[in-house]
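Visitor: I would like the atomic coordinates for the input below:
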Amino acid sequence: MAQKAVVIYSGGMDSFTVLHKALQQGMELYALSFDYGQRHKKELDYAAAVCADLGISHKIVDISAINTLVGGSALTDDIEVPEGHYEEQSMKSTVVPNRNMILLSLAVGYAVSLQANQVYYGAHSGDHAIYPDCRPEFVHKMNDVCAIANYEAVEIVTPYLNVSKTDILTDGLKMGLDYSQTWTCYNGRTLACGKCGACQERQEAFAQNQAADPLEYEN
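Guide: Numbering: from 1, shown residues only. Okay, here's the model as predicted:
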């Protein structure tokens, strides 16, 4: 019987690649997506379409009520999404307080109920400057906690923790992945804006891989 694993799957490039990375390990996957009130909710439609195509079990869980507690982010509140690269200080406004700890806690609970012993998520080095809950020290501490929080230990698996989005894309392109099946832009409009940090990092990754980005942009 194949080993079970839960994948936190947003519908973006990183988690899309992680999903396929786990799939290559021959695991029985359970994809878990969260509606936390993000303005770019259309990423969930991309996630659902990919899982349906692959025949992977997929749950979308509405946790948008947490915004009554953890507000102040440009991703969830009426705050303009900043333009510029991820490493710019302005991108701190896109931090959702404690988001990954919340998502990981729910995913670990789901894993325990499934008798799965791993939870995958797509933290990478490009996130380290702005997002504390994507840094190695956070992941290591969460792994320590998840080893003792239940009767069954659950491992947090982050295959790209110490590499960049460019490296993630390199790996995905080697796997033959189709990135038109992903949504990256923080603005949930019809087309990607091309100006927010998420778009800029995506475009940079494709340029550095000398590959064409299949996503359509406003400009």
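Visitor: residue 197: how many residues sit nearby?
Guide: 22 (other C-beta atoms under 10 Å). Every residue, glycine included, has its C-beta placed from N, CA and C.
Visitor: whoops, residue 180 was the one
Guide: What residue 180 shows, counting by other C-beta under 10 Å, is a neighbour count of 11.
Visitor: and what of residue 217?
Guide: So residue 217, with other C-beta under 10 Å, has 14 neighbours.
Visitor: and if you look at residue 19?
Guide: 24.
Visitor: ditto for residue 63
Guide: Number of residues near residue 63 (other C-beta under 10 Å) recorded here: 14.
Visitor: quick one: pLDDT of it?
Guide: Per-residue confidence (pLDDT) for residue 63: 87.
Visitor: strands along this structure, start to end?
Guide: Secondary structure of the chain by DSSP state E: the strands cover 4-8, 28-35, 57-62, 118-120, 155-157.
Visitor: now those strands as a markdown table including mean neighbour count?
Guide: Formatted as a markdown table, the strands of the chain follow (neighbours: other C-beta atoms under 10 Å):
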| stretch | mean neighbour count |
| --- | --- |
| strand 4-8 | 24 |
| strand 28-35 | 21 |
| strand 57-62 | 14 |
| strand 118-120 | 24 |
| strand 155-157 | 20 |
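Visitor: now those in CSV, with distance to residue 193?
Guide: Below are these laid out as CSV (distance: least, C-beta to C-beta, whole Å):
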stretch, distance to residue 193
strand 4-8, 24
strand 28-35, 21
strand 57-62, 24
strand 118-120, 28
strand 155-157, 31
